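**Student:** Got a predicted model here, sequence first, then my questions.
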Amino acid sequence: MSFEFTRERRERLESLLEIYPTRRAALLPALHLVQEQLGYVSPEGEEHVARILELPVIDVHEVLTFYTLYRTRPMGRRHIRLCTSISCWVRGCRRVQRRLEEKLGVASGGTTADGEFSWEAVQQCMGACELAPMMQVGDDYHGPLDGEEVDRILDGETSRGEA
């Protein structure tokens with residue numbers, strides 16, 4: 001399976017290449033464009049970015065796997081990242097983790113049977129310690145969390161502590 005940017009994304013990348021001092025400097029935004037198009041960065045997407053930016057594929061792969069914000073496999077339509085770093089751990093992220101497992105019926109790293117939700121516990125700090133325990137749903141941060149708040153978020157209601 002090959003990958004090509006849509007015309008719109010290719011044009012966005014071309015405009016980015018005009019403002020960065022080197023092609024390599026556009027690597028992170030290029031990976032964002034692949035993820036925006038596919039929902040994750042596939043090996044074919046990595047190769048496509050490497051060709052455009054004139055980089056070895058291994059350089060692209062190393063950057064892709066270093067940052068937690070990139071996904072390397074398909075996820076649910078609504079992807080959840082639960083922070084388990086020290087601040088969230090001290091404030092009760094384990095209770096939130098158990099609630100996610102119970103409510104969604106899948107462990108960390110899993111996707112619900114209907115493909116609506118996927119979630120993962122991440123150990124890297126997500127930079128919102130004031131919301132501990134917190135989770136990210138799509139681009140939105142939610143917290144502080146308890147079981148009822150998790151239910152409201154999953155059911156589509158707004159979190160009272162949303163950032």
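**Tutor:** Alright, I've got the coordinates. Residues are numbered from 1 along each chain as shown.

**Student:** Can you classify the residue nearest the centre of the chain by secondary structure?
**Tutor:** Centrality entry for the chain: nearest residue to the mean C-alpha point is residue 69, 4.3 Å, by C-alpha atoms, centre = their mean. Counting by DSSP: H, G, I helix; E, B strand; the rest coil, the backbone at residue 69 sits in coil.

**Student:** pLDDT wise, what is it at?
**Tutor:** We have a pLDDT of 80 for residue 69.

**Student:** ok, now residue 158?
**Tutor:** 47.

**Student:** Next: the one 4 residues further on.
**Tutor:** Residue 162 carries a pLDDT value of 46.

**Student:** next one: residue 75
**Tutor:** In the prediction, the pLDDT value recorded for residue 75 is 87.

**Student:** Next, the contact list for it, please.
**Tutor:** If you count contacts by C-beta atoms under 8 Å, 6 or more residues apart in numbering, residue 75 has them with 39-40, 111, 118. Bear in mind the C-beta positions are built from the backbone N, C-alpha and C, glycine included.

**Student:** If we use 6 Å, what do you get?
**Tutor:** With contacts defined as C-beta atoms under 6 Å, 6 or more residues apart in numbering, residue 75 is in contact with residue 118.
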